[in-house]
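In: take a look and give me a structure for this.
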Amino acid sequence: PMRYIFQRINHNVFKDPAGLMGNVERVTAHIRRKLEAAGADQISRRVLTLVPALDGKGWYADAEGNHWRCYLFIERAKSYDQIEAPRQAFEAARAFGEFQKQLADLPSPRLHDTIPNFHHTRSRFDALRQAIEQDACNRAAGVKADIEFALRHEPLVDVLLDLQSRGLLPERATHNDCKLSNVMLDDTTGQGVCVIDLDTVMPGLTLYDFGDLCRTATCPTAEDERDLSKVEMRMEMFDALVGGYLASAGGFLNPVEKDHLVFCAKLITFEIGIRFLADHLAGDRYYKVHRPGHSADRARVQFKMVESFERNDSAMRQVVATTVA
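Out: Sure thing, here's the model as predicted:
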């Protein structure tokens, strides 16, 4: 029997569900054509397959304003929340690199921005500065050291945006939520077979994807770990990520993209940290919290990871240099 996944699109986060679904239709159709041209087997396990509604559209809008979609369920594969072995990190990175490569020649028009300015680090930093100045919930005094850390790291914020504005980093179709749980790994071989959760697929930089993968895969603890002594980037995971990513994406990335694989790990981790900190200062408006100071704890884990990346910078560069060579 066929199994399906039936989902409602979160229109609180995604304000333009029709635009989002237009992206999903274009991206999945493009990847499917690529797989067919290459003579790939088991195509419905390698790319998400939308089941059309009765009117032929890839989604259905009901009278209450909800948007629904249905995918074929991918059998004999699963996703994992926590990376347990470097092999998983390698396969996840290889799958995301392959995904970017498949979309590198996606014809125009440009994809919709499903969340505008999602990884725009300058606007994220400005939002933090505003949250500090307003201090709406009188929380700034309690996170003084974290605020100082964030402000001290402002020079990170514009590096990739400047390279992009100078035409050195190309805008590409990217996933924008690269974590292990968004790759299906084959039950038998352990290979990454399909990238899922395409709601945030939109124009972006390849480095945002790779940086996010480094942020999540190299961290040994939960995102809200309170014992910061446990928070330290795992070099063997970074090694596996670089190997897997460059195995699939190495052929189409330009030299500037390759030169910033180490930097983007630090940048995206910092970006998520300042988002947590800004939300804590603003009164927990975006992230769900389960205890007082929950998002401040989350911010500290990200900042501790930034420090860990800084300490290991030259060793990380060596990994990239060896893999690129």
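In: which other residues reach stretch 154-172?
Out: 100, 103-104, 120-122, 124-125, 203-208, 254, 256-257, 260, 263-264, 266-267, 270 (C-beta atoms under 8 Å, 6 or more residues apart in numbering). All C-beta atoms are positioned from the backbone trio N, CA, C, and that covers glycine.
In: same thing with stretch 19-34?
Out: Residues contacting stretch 19-34 (C-beta under 8 Å, 6+ apart): 9, 14, 43, 46-50, 58-59, 67, 69, 99, 102-103, 106, 111-112, 114, 173, 198-199, 201-202.
In: gap between whichever helix or strand Glu25 is part of and the chain center?
Out: Element membership for Glu25 (DSSP states H and E) is helix 17-37. Centre-to-centre, helix 17-37 and its host chain are 19 Å apart (C-alpha atoms, centre = their mean, to the nearest Å).
In: picking that back up, so of the contacts of stretch 154-172, which ones are in helices?
Out: If you go by DSSP state H, those have 100, 103, 121-122, 124-125, 206-208, 256-257, 263-264, 266-267, 270 in helices.
In: widest-spaced pair of those residues?
Out: Spanning the widest gap among the ones in helices among the contacts of stretch 154-172 are Leu103 and Phe125, at 28.3 Å by C-beta to C-beta.
In: now list the buried members of the contacts of stretch 19-34.
Out: In those, burial by neighbour count holds for 9, 14, 46-50, 58-59, 67, 69, 99, 102-103, 106, 111-112, 114, 173, 198-199, 201-202, counting by 16 or more other C-beta atoms under 10 Å.
In: mind listing which of these are in strands?
Out: With DSSP state E as the criterion, strands contain His67, Arg69, Ala173, Met202 from among those.
In: got a markdown table for the residues you listed, with pLDDT and distance to Gly250 too?
Out: Compiled in a markdown table, those are given as follows (pLDDT from 0 to 100; distance: C-beta to C-beta, whole Å):
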| residue | pLDDT | distance to Gly250 |
| --- | --- | --- |
| His67 | 97 | 37 |
| Arg69 | 98 | 33 |
| Ala173 | 97 | 18 |
| Met202 | 97 | 23 |
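In: please tabulate the residues you listed in JSON lines, including the columns distance to His153.
Out: JSON lines is the format used below for these (distance: C-beta to C-beta, whole Å):
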{"residue": "His67", "distance to His153": "38"}
{"residue": "Arg69", "distance to His153": "39"}
{"residue": "Ala173", "distance to His153": "29"}
{"residue": "Met202", "distance to His153": "26"}
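In: can you show me the helices along the chain?
Out: Under DSSP H, the chain gives helices at 17-37, 43-46, 86-103, 121-134, 144-152, 159-165, 206-217, 235-249, 255-259, 261-282, 294-311, 313-324.
In: quick one, the fourth one and helix 261-282 angle?
Out: If you take axes from the mean of the first three to the mean of the last three C-alpha atoms, to 10 degrees, helix 121-134 sits at 30 degrees to helix 261-282.
In: for helix 121-134, name the packing helices and strands.
Out: Contacts defined by 3 or more C-beta pairs under 8 Å, 6 or more residues apart in numbering; DSSP states H and E place helix 121-134 against helix 144-152, helix 159-165, helix 261-282.
In: so which of those is the most surrounded?
Out: Among the helices and strands packed on helix 121-134, helix 261-282 has the highest mean neighbour count (mean count of other C-beta atoms under 10 Å), at a mean of 25.
In: against which helices or strands is that one packed?
Out: The helices and strands touching helix 261-282, judged by 3+ C-beta pairs under 8 Å, 6+ apart, are helix 121-134, helix 144-152, helix 159-165, helix 206-217, helix 235-249, helix 294-311, helix 313-324.
In: could I get the average pLDDT for that helix?
Out: Throughout helix 261-282, pLDDT has a mean value of 98.
In: and if you look at stretch 135-144?
Out: In this model, stretch 135-144 has an average pLDDT of 97.
In: what does it rub up against?
Out: By C-beta under 8 Å, 6+ apart, the list of residues contacting stretch 135-144 from outside reads Ile132, Ile147, Leu277, His280, Leu281, Ala282, Gly283, Gly293, Ala296, Ala299.
In: CA atoms only for that stretch - export them in PDB, please.
Out: Provided in PDB are the C-alpha atoms of stretch 135-144 (Å, rounded to 0.1, in the frame of the first residue of the first chain):
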ATOM      1  CA  ASP A 135      14.900  46.500  26.700                       C
ATOM      2  CA  ALA A 136      11.100  46.000  26.800                       C
ATOM      3  CA  CYS A 137      11.200  43.400  29.600                       C
ATOM      4  CA  ASN A 138      14.100  44.800  31.700                       C
ATOM      5  CA  ARG A 139      16.300  41.800  30.800                       C
ATOM      6  CA  ALA A 140      19.400  43.400  29.500                       C
ATOM      7  CA  ALA A 141      21.100  43.700  32.800                       C
ATOM      8  CA  GLY A 142      20.900  39.900  33.300                       C
ATOM      9  CA  VAL A 143      22.600  39.200  30.000                       C
ATOM     10  CA  LYS A 144      25.200  41.900  30.000                       C
END
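In: appreciated, that's everything.
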